[in-house]
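Trainee: Test case, fold it:
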Amino acid sequence: MSAGHLIELGSVFLILIGTVAGSLSAIGFIRLPDVYNRAHALAKSCTLGVLFVLLGTFLFFLFVERYFSIKLFLGIFFVFLTSPVAAHMTCRAAYRSKVPLAEISVRDDLKEAMSREYNCEQKGGA
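Mentor: Coordinates of the predicted model:
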C-alpha cells in the first residue's frame, strides 16, 4: 500500500467521521426538547462534522492532487469561527425573547445575571 493510498484512506475516514457527526447533529435536533439544547447539538456536532468533511477534502486535494485550495482552507476557518458565535447569539436572542426552558431543565444560571442587568438599566435610566 503506497503513501497515496494511505492519505486517500485517511481523507475518506475524516469525511466519514464528519458525516457521522452531522447525522448525530440531525438526531439531536429532532430529539432534544427545547431551542437551547437543539442549538447546542447543532453548534457542536454540526460544526465538528463540517470541519471534518472540509479537512478530509482539504487533505485529499493537498496530498493526492497536489493542489492547495485556499477556498477550503478559508471555509474551515470561517465555519470554525462563525458557527459557535451564531449559535450563542441565537440562544441569547431566544432567552431575551423569553422562550421557556424545557420542563426537565434543572436550573437557569442566566436568570440572576439578567435580573441584575435589568435592575442596573432601571437605576441608570431613572
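Trainee: switch to C-alpha atoms for all contacts and neighbour counts from now on
Mentor: Noted.
Trainee: Could you pull up the residues touching the residue most central in space within the chain?
Mentor: The residue lying closest to the centre of the chain (CA atoms, centre = their mean) is A43, at 2.4 Å. Neighbour list for A43: 83-84, 87 [criterion: CA atoms under 8 Å, 6 or more residues apart in numbering].
Trainee: could these go into JSON lines alongside secondary structure, distance to L9 and neighbour count?
Mentor: Output for these, formatted as JSON lines (DSSP: H, G, I helix; E, B strand; the rest coil; distance: CA to CA, whole Å; neighbours: other CA atoms under 10 Å):
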{"residue": "S83", "secondary structure": "helix", "distance to L9": "28", "neighbour count": "17"}
{"residue": "P84", "secondary structure": "helix", "distance to L9": "29", "neighbour count": "17"}
{"residue": "A87", "secondary structure": "helix", "distance to L9": "33", "neighbour count": "19"}
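Trainee: would you list every one of the strands in this structure?
Mentor: Assigned by DSSP state E, the strands in the chain number zero.
Trainee: what about it, any weak spots by pLDDT?
Mentor: Across the chain, residues meeting the criterion (pLDDT under 70) sit at 117-122, 124-126.
Trainee: Sketch out the helices for it, chain order is fine.
Mentor: Using DSSP state H, the helices found in the chain span residues 3-31, 35-41, 47-59, 70-96, 110-125.
Trainee: Can you tell me how far D34 is from H40?
Mentor: 10 Å (CA to CA, to the nearest Å).
Trainee: Among the two, which residue is more densely surrounded?
Mentor: H40 (19 against 16; other CA atoms under 10 Å).
Trainee: Good, we can wrap up now.
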